Every structure is written in C-alpha cells, then in structure tokens.
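Enquirer: Quick one: sequence and predicted model below, then my questions.
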Amino acid sequence: MGFENKAHVKRIIRVQAFQDIATLVLVASMILLLLTPSQALLSTNPSRLSIRVNHISSSSCKARKPNYLSRSSFDCSARGYTNVVPRQLKDKWVNNPSKVTALLSTIAGENELEEEGSDDTFIPLKEDEDFKAAVEEVKGAAKNVTLSTVNLTSTIVTNGPSILGRLIGCIATKGLRDDIQRRRKCYTSDWTDAFNNKRQCIPAILFLYFACLAPVVSFGTIASQITEGSIGVVEFLIASGGAGMVYSILSGQPMAFVAPTGLTLAFMSGLYRYCTLQGLAFLPIYTWVGLWTSGFMMMLGFRGASKYIRFCTRFTDEVFNGLLSLNFLYEASASLRRNFMLADPMNLSMPFVSLSMALGTFWSTTQVIALEKSMYFTAKIRKSFKDFGPVAIIIIFSALNQMRSVKKFGVPTLSVPNTFELAGGRDFLIPFKTVPVNLRILCALPAILLTSLFFMDQNISARVVNREENKLEKGAAYNLDMVALGMITGVLSIFGLPWMCGATVQSMNHVRAMTSRKFDEKTGEMEIDHVTETRATGFAIHAMLAATIGLLPLLTHLPIPVVSGVFLFLSRKLMTGNTFLKRMLESVAEAKRLPSEHPVNILGRKKMNIFTVVQILCLTGLWTFKQNSATAIFFPGVIGLLMGIRAWILPRYFTEEEFCALGDPTPL
C-alpha cells in the first residue's frame with residue numbers, strides 16, 4: 001500500500017505540474033498580447049487593417065458558433081492556430097464574433113478598426129465592465145502563476161541537494177557511499193593542511209610542476225605528429241591543467257594525479273590509424289569513444305567495481321609499473337638518439353652536448369634527492385636541498401644553454417606555439433553530432449578497451465599511493481576516484497582534448513615530496529614520520545600547468561635534453577621498490593650473500609627465476625602490442641590478461657606458500 005500511495009502522489013504531482021505549465025503558457029500568451037505594441041499586431045495600411053496573430057490575419061479566421069462551443073477556439077484555417085484568447089473571454093463574446101475582433105483591437109490600443117472586406121463597425125470596449133472583469137481575471141491568474149513559480153523555484157533550491165543525494169544513494173552501491181562518507185569528514189583538512197605546512201608544499205609544487213610539465217609537452221609533441229596536427233601541445237596543457245584541478249576537487253584520493261601517459265597515447269595512435277584507414281573523421285569518433293568511456297567509468301564507479309582490483313596482485317602491479325618505467329626510458333632515449341640521427345656525421349658536437357646535458361640533469365637530480373639520507377650538513381639544509389634542488393637544476397641547465405659558448409652548438413629546445421591556438425585553428429567544440437547513429441553505437445567497442453585501460457591504470461596508481469608503507473591516514477576512495485575520472489573524460493572528449501588517466505610516476509613523486517622523514521637510531525635508516533595529505537598542492541600544480549599557456553614563448557628556452565634528463569629520473573624513481581626488477585639482478589647473485597628470507601633461499605633459484613621469467617614475458621608482450629601501430633588499439637585488453645595469468649595459470653605451478661615467499665599472496 002505504501003508503494004501505491006507513493007505512485008498516486010507522484011501522479012498527482014505530475015498532473016499538477018502539467019496544469020501549472022499549461023496555465024503559465026496560456027497566461028504568458030495573453031500578457032504578450034497585452035504588451036505588444038500596436039505596430040507589431042496591425043498591418044501597415046491604416047485604412048485596411050487586419051489583425052495579425054502569429055502570422056495569421058483575422059480575415060482567415062471565421063468565427064462559427066458551433067466550433068466555439070465544441071473546440072473552445074478560433075477556427076484558423078491558415079495555420080490551425082488555437083486558443084488565441086482565454087476561455088473566460090470566449091464564453092463572454094461567443095455570440096458576437098465582431099466583438100471578439102474588437103476586443104483584440106482594443107488590447108492593441110485602437111478604438112475603431114475595420115476588417116478588410118467588411119462594413120461592420122467595431123464596438124469600443126474600453127468602458128465595458130465585462131472586459132474590465134476579464135482583464136482583472138487575467139491579472140489574477142498571472143499573479144497566481146508567478147507565485148507558484150516562485151514557490152517551485154524556492155522548493156527546488158531548498159530541497160534539490162537532498163533530492164539529488166537520495167537519487168545518487170539509490171543508484172550508488174555501498175562502496176561509493178562509504179567512500180563519500182569517509183572522505184567527507186576530512187575534506188576541509190584536505191585544503192587547510194597545506195597552509196599549515198607551507199615550507200614543504202611550496203618546493204613540492206615547484207618541482208612537481210616541472211615534473212608534470214615535461215611529459216605534457218613531450219606527449220603533446222608526439223601526439224601532434226601521430227595525429228597529423230589534430231591534437232597538439234596547447235590541447236595537452238589545457239587538458240592537463242583543467243583535469244588536474246577538477247580531479248583535485250572531486251577525487252577521493254587527492255594525493256594521486258591524473259596526466260597524459262604513454263599508454264593512453266598508444267591507444268590514441270591506434271584509433272587515429274583506424275580512422276584514417278576507414279576514411280572517418282578522427283575527432284568526432286574520438287569524442288564518441290570518450291563519451292562511451294565516460295559512461296562506462298561512471299557506471300563502474302557507481303556500482304563499486306573497484307573492489308575487484310584486489311585480484312590485481314603484486315604480480316600485475318610490478319609488470320605494469322615496469323612498463324611505465326620502460327616507456328619513460330624509451331622516450332628519453334629516443335629523443336637523444338634522434339639528435340644523432342639528424343646531426344651532420346662530420347660534426348657530432350650537438351648530439352654529445354645534448355647527451356651530456358641529459359645525463360647531467362639526471363645525475364644531479366638524483367644526487368640532491370639522495371642528499372637527504374646522507375650525514376652531511378644539518379637536517380634542515382638537507383631537506384632544503386631535497387625540496388628545491390631539482391627545480392634549481394632545471395633552471396641552471398636552461399640558463400647554461402643560453403650562454404654564448406653553449407648556444408653555438410644548437411641544442412634543441414621545446415617547440416611550442418607562440419600564441420594560444422588550438423591545433424589547425426579548429427573550434428573548441430567538436431561537431432560530434434555529424435557522426436551517423438550506427439557509428440556512434442559502434443564506438444562503444446573501442447571504448448570498452450579504453451575503459452579497461454583506465455580501470456587498470458587508475459586503480460593501480462591509486463593503490464600504489466594507498467600502500468601501507470606510505471603511512472597515509474585519511475583512507476582510500478577508489479570508487480569515488482573512478483566517478484571523478486569518468487566525468488572528466490566526458491568533458492575532455494566533447495572538446496576534443498586529450499584523455500587523462502592515473503599517472504603512477506607523478507602520483508608517487510607527489511607522495512614522496514609531501515613526506516617528512518626522520519632518522520631512526522635503532523635501524524640506522526630514514527623512516528617516514530608524517531605525510532601531508534592535501535588537495536591544495538595538486539590544484540596549484542595543475543593551475544600552473546594551465547597558466548603555462550600564457551608563458552608559451554618562455555618554454556622555447558627549455559632544452560629538450562633537460563626534459564629527457566627528467567624522464568630518466570622519473571623512470572629510475574619508478575623502478576625503486578619494484579621487486580620484479582630487483583629479482584632480475586638477484587637471479588645471478590650468490591645465495592649466501594642474500595637474506596635468509598629471500599626467495600632464492602626459500603624456494604630455490606630455479607623456482608624464483610621461473611616466476612621472474614613469466615613476468616619478463618608478460619612485459620615483453622605488453623611492450624610489443626603497445627609499439628605495433630596495428631595492435632596498439634587492442635593493447636588495453638592485453639593488460640587485463642595479466643590478472644587472468646596470475647589467477648588461473650600460475651596457481652597450477654606455484655603453491656600459496658610459494659606465492660607468499662615471492663611477496664605475491666593470493667587475495668581472499
């Protein structure tokens with residue numbers, strides 16, 4: 001009975017709403033007639049005037065009593081125009097059609113009008129009591145509708161958020177609701193904590209700005225080449241800055257970053273190649289793939305699908321992070337190799353100077369970061385070197401390249417537009433409605449592959465941030481992160497901007513930059529003391545990226561080898577803590593020199609090496625799919641196979657005890 005009562009109430013509300021709308025439209029039309037000047041209602045010939053309502057002359061409207069009584073409207077044969085005047089006025093003048101026409105002429109401000117082809121004289125009605133009463137009724141109805149509209153607006157403003165919250169509560173699963181409740185408690189402190197620790201936040205913002213700017217400009221340049229100018233550096237700056245700011249506001253884990261990645265770029269390259277072969281416009285198809293992906297991502301977030309990421313064990317994480325590290329290393333090496341390929345074989349000064357500059361940037365940045373763990377200077381000085389050192393190194397090498405003695409070698413610098421302009425001078429909004437309906441539906445197929453890539457990349461990046469060893473205190477919110485990324489993906493797609501997804505390297509560097517360490521005398525090592533978890537740093541970093549559009553001419557002074565050096569540093573950072581890469585080196589180490597709990601001493605060298613070789617083969621397969629332009633679009637689906645290999649194939653050859661010894665226990 002409760003459900004029937006609710007349904008009955010809803011029907012009543014809908015009926016009342018339709019009645020209010022109909023009344024509002026009727027009264028608005030009468031008010032429009034009352035306020036319209038006579039010149040707009042009457043023809044230009046004063047001697048032969050005819051009333052024009054919605055391009056219908058009064059001569060085309062024949063007043064017939066039976067029609068008035070049955071249809072309560074004028075019979076306008078020309079356009080079928082009905083309900084010119086309210087029912088109250090029609091009932092009063094139904095027996096005198098000439099009075100009806102006179103009523104309209106009186107409203108228009110004329111006392112006497114002649115209808116074309118008629119000798120009847122119109123009756124002035126301004127002093128008619130019935131007319132005055134009808135006008136008062138119209139005014140009263142208009143006032144009631146206005147009050148109803150005000151009350152309705154007030155109700156929407158007052159109760160709208162709660163209604164929306166209940167609607168989301170019905171759609172969202174318990175996982176998303178728990179994420180919102182968990183992060184809502186500390187949302188204010190997510191912003192204020194940064195102002196309580198400005199000394200740590202400011203240098204972190206400066207360093208991470210350059211660390212985020214380097215891949216944005218690099219991938220923007222590569223994207224411009226592979227898409228033949230459809231998407232360029234300006235689009236990457238806008239997308240990175242805008243998406244990063246929105247993500248820092250809406251996400252559940254603000255310590256994680258979203259950014260362009262080589263994996264997303266590989267998928268974009270495959271999609272562009274497919275569109276070219278099929279003769280399809282790239283950007284409209286790109287938009288529909290992104291919109292489908294946005295819907296899938298939000299659906300996964302609302303339904304709490306992030307809980308299944310627990311089946312993505314350390315086996316998958318390490319292979320995936322190894323792929324990201326290899327991608328940064330490849331991009332840096334390819335840039336330096338290009339200098340040797342383009343240089344004069346008889347004069348290789350420029351390539352070697354560029355190589356020296358890249359290696360100098362990498363080595364110097366690594367040393368100033370490592371200085372924090374050394375015994376030299378005071379703790380305050382070491383921390384200052386660690387915070388400000390990387391930024392200072394980038395500035396120093398950029399200034400060094402401007403010296404006359406170095407500038408003569410012609411070291412390449414970043415190539416960016418001098419003014420703000422989208423690639424090809426296109427409009428900001430993509431004409432995605434030009435795509436046929438059948439192609440719009442087919443775009444869901446590549447969107448499924450892209451969704452799988454985003455699902456893996458986003459959740460792996462967030463899980464790396466939320467590891468227990470990072471000692472974060474405010475908790476994770478994987479489903480909320482998915483919903484936020486889905487919303488961002490939809491907006492970026494509509495404007496033809498590059499997609500963003502979870503950036504593992506930038507996220508890890510953000511956590512490390514906001515980590516305070518202390519020396520433990522018992523262990524003799526530096527340990528994590530506290531992590532400043534804040535949204536302000538991420539927002540500020542990406543706001544600076546967006547503002548870089550106004551500094552495009554200055555970026556032309558940044559040497560590309562310095563960017564390559566930053567890439568090498570990020571690649572090396574990503575290798576830190578990856579036991580897969582560590583086991584590759586320890587596979588040939590002497591067992592006696594390894595700890596007793598090492599897998600070599602527990603499982604034996606052969607068993608450990610089999611597990612390591614499987615990971616190497618998986619990494620090789622992923623890299624092959626990514627690099628091949630013919631298979632790049634299917635590359636995201638291959639990442640999902642890693643979970644299947646770990647869940648169904650490896651358990652046939654390894655016991656659970658052996659998995660635990662390898663640091664990869666099976667999730668319950």
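Expert: Nice, I can see it. Numbers count the residues shown, from 1 in each chain.
Enquirer: just the strands in this structure please.
Expert: Ranges of strands within the chain are 52-53, 56-57, 61-62, 75-76, 258-259, 501-502, 515-520, 525-531, based on DSSP state E.
Enquirer: and the closest residue in space to residue 530 that isn't next to it in sequence, what does it touch?
Expert: The shortest distance from residue 530 to any non-neighbouring residue, by C-beta to C-beta, 6 or more residues apart in numbering, is to residue 516 (4.8 Å). No exception for glycine: its C-beta is placed from N, CA and C like everyone else's. By C-beta atoms under 8 Å, 6 or more residues apart in numbering, the contact set of residue 516 is 200, 528, 529, 530, 531, 532.
Enquirer: so what's the second one up against?
Expert: With contacts defined as C-beta under 8 Å, 6+ apart, the neighbours of residue 528 are 469, 470, 471, 515, 516, 517.
Enquirer: same question, the third one
Expert: Applying C-beta under 8 Å, 6+ apart to residue 529 gives the contacts 516, 517, 518.
Enquirer: any idea how far residue 373 is from the nearest residue to it once chain neighbours are set aside?
Expert: Excluding the flanking residues, the one nearest residue 529 by C-beta to C-beta, 6+ apart is residue 518, at 4.3 Å. Distance of residue 518 to residue 373, given as C-beta to C-beta, to the nearest Å: 12 Å.
Enquirer: Show me whatever sits in contact with both of those two.
Expert: Common contact partners of residue 518 and residue 373 (C-beta under 8 Å, 6+ apart): residue 526.
Enquirer: list the contacts for the residue sitting nearest the centre point of the chain?
Expert: Closest residue to the average C-alpha location of the chain: residue 488 at 1.6 Å, with C-alpha atoms, centre = their mean. The contact partners of residue 488, taken as C-beta under 8 Å, 6+ apart, are 243, 246, 247, 258, 500.
Enquirer: Specify which member of the contacts of residue 529 is nearest to residue 602.
Expert: Checking the contacts of residue 529 against residue 602 with C-beta to C-beta, the nearest one is residue 517 at 30.8 Å.
Enquirer: Surely that closest one and residue 527 touch.
Expert: Yes. Between residue 517 and residue 527 there is a contact at 6.4 Å, judged by C-beta atoms under 8 Å.
Enquirer: between those two, which one's more packed in?
Expert: residue 517 (18 against 11; other C-beta atoms under 10 Å).
Enquirer: Please point out which parts of stretch 406-421 sit buried.
Expert: The neighbour-count check on stretch 406-421 (16 or more other C-beta atoms under 10 Å) flags 406, 411, 413, 414, 416, 417 as buried.
Enquirer: The fourth one and residue 521: what is the separation?
Expert: When C-beta to C-beta is the yardstick, residue 414 and residue 521 sit 47 Å from each other.
Enquirer: Ok, the second one next?
Expert: For residue 411, the distance to residue 521 under the criterion C-beta to C-beta works out to 47 Å.
Enquirer: got any ranges where the protein has weak pLDDT?
Expert: 1-128, 130-131, 134-135, 145, 149-150, 152, 155-157, 159-170, 523-524, 668 (pLDDT under 70).
Enquirer: Nearest residue to residue 535 in space, please, no chain neighbours.
Expert: Distances taken as C-beta to C-beta, 6+ apart put residue 254 closest to residue 535, at 4.0 Å, once the chain neighbours are dropped.
Enquirer: Contact partners for the one you found?
Expert: Residue 254 neighbours (C-beta under 8 Å, 6+ apart): 190, 247, 248, 533, 534, 535, 538.
Enquirer: Go ahead and confirm the fifth one touches residue 188.
Expert: So that's residue 534. No. Counting by C-beta under 8 Å, residue 534 stays clear of residue 188, with 11.2 Å between them.
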